[in-house]
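J.: dropping a prediction and its sequence here:
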Amino acid sequence: MIAYPWYEQLANTNKTLQQGDLIPNCPIVMPPQNLQVNNEYEIEVKTYDVAIMSQSCDLENGKVEIVLACPFFTFTDYVSKLPTNQQTSKEVKRQFDKLRQGHQPNYHLLNKDDSVGIKNYLVVDFRNVYGVNIQFLQEYIQSLENRVRLLPPYREHLAQAFARFFMRVGLPQNIPPLS
């Protein structure tokens, strides 16, 4: 079986952005709860580790001003946010398998890889999607010592999971099971 690496390490001299780039500590502007035209607002900025979700072709061809980004965190952090009764070793394994098999559509599991500094499995959160100005992001990545890029086919698998999450349709009434 051919081994397909999950990631590649990029130096800050690599100025390209692609879908699947993992950006650590990315500043995200949080919109105020109530917006009114012509008012001034204090802006809150939070930092998140984010995965770039915008299409690589749009990024490379200057087709977007705002880059879509989803936060990610370690599987250990994911487990720590579960209710206490779901933090047993049996439940943690069950949660891991649900993520691994794609049964949690709002999350996507990425592999660990010590060779690029990813020492834990990563969980991408599709429920929270942020927009980051592309010019800011291009400057920001140059300030990083290095960053990690998700490689094909894993990048496309992430994109497909993201699309499945957004295209889901809640029906008012499901088809009943066979009796």
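T.: All right, it came through fine.

J.: mind exporting the longest helix anywhere in the chain as CSV, just the C-alpha atoms?
T.: The longest helix of the chain (DSSP state H) is helix 154-167. What follows is helix 154-167, C-alpha atoms only, in CSV (Å, rounded to 0.1, in the frame of the first residue of the first chain):
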residue,chain,number,x,y,z
TYR,A,154,-7.1,14.5,2.8
ARG,A,155,-7.7,18.2,1.9
GLU,A,156,-10.5,17.2,-0.5
HIS,A,157,-11.9,14.9,2.2
LEU,A,158,-12.1,17.9,4.5
ALA,A,159,-13.8,20.0,1.8
GLN,A,160,-16.3,17.3,1.1
ALA,A,161,-17.2,17.0,4.8
PHE,A,162,-17.6,20.8,5.0
ALA,A,163,-19.9,20.7,2.0
ARG,A,164,-22.0,17.8,3.5
PHE,A,165,-22.4,19.8,6.7
PHE,A,166,-23.7,22.9,4.8
MET,A,167,-25.9,21.1,2.3
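
J.: from the chain's centroid, how far away is it?
T.: Its chain's C-alpha centre and that of helix 154-167 lie 10 Å apart, by C-alpha atoms, centre = their mean, to the nearest Å.

J.: show residues contacting that helix.
T.: Residues outside helix 154-167 that contact it (C-beta atoms under 8 Å, 6 or more residues apart in numbering) are 4, 6, 18-20, 51, 53, 55, 70, 102, 105-106, 108, 110-111, 124, 126, 149-150. C-betas here are computed from N, CA, C, even on glycine.
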